[in-house]
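1. Structure here, sequence nowhere to be found:
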C-alpha cells in the first residue's frame, strides 16, 4: 500500500533519470574546462568533439527536471487534504 501511495516506481525512475542527466552535464562541463586548460598551456586548440557526452546533455537534464517537477505523488494530496482540517 505504501508503494502505491508514494508512487515509488515512478519516483525511482524520475530520480534515477535526474541523477544520470545531471552527471552527464557535470562530466561534459568538466571535460570542456580541462580542454580549455590544455589549450592555454599548449597554445593550441583541443578537439572536444569526441567527448562521450554530447551537447544534448543540458536538454536531457531539462527534460528530467520537468518530469520530476510534474511527478504525481498521491501522498501529497492526502497531506494537503489533512492540512485543511483543524484536528
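-> Looks like it came in fine. Just so we're clear, the structure is a prediction, and the values are computed from it rather than from any experiment. Numbering: from 1, shown residues only.
2. what's stretch 35-53 in contact with?
-> Residues from elsewhere that reach stretch 35-53 (CB atoms under 8 Å, 6 or more residues apart in numbering): 24, 25, 27, 28, 31, 32. Heads up, the C-betas are built off the backbone N, CA and C, glycines and all.
3. Give me the buried positions along it.
-> Within stretch 35-53, the residues that count as buried by 16 or more other CB atoms under 10 Å are residue 53.
4. Could you give the separation of it from the chain centroid?
-> Computed by CA atoms, centre = their mean, to the nearest Å, the separation of stretch 35-53 from the middle of its chain amounts to 26 Å.
5. for it, how far is the first residue from the last?
-> 14 Å (CA to CA, to the nearest Å).
6. next one: stretch 42-55
-> Using CA to CA, the end-to-end distance of stretch 42-55 comes to 25 Å.
7. Show me the contacts of stretch 35-53 that map onto helices.
-> 24, 25, 27, 28, 31, 32 (DSSP state H).
8. And the residues you listed, which of them are buried?
-> Buried, going by 16+ other CB under 10 Å: 24, 25, 28, out of these.
9. tell me the secondary structure for the nearest residue to residue 27 once chain neighbours are set aside?
-> Once flanking residues are discounted, residue 27 sits nearest to residue 53: 5.1 Å by CB to CB, 6 or more residues apart in numbering. Assigned with DSSP: H, G, I helix; E, B strand; the rest coil, residue 53 falls in the coil class.
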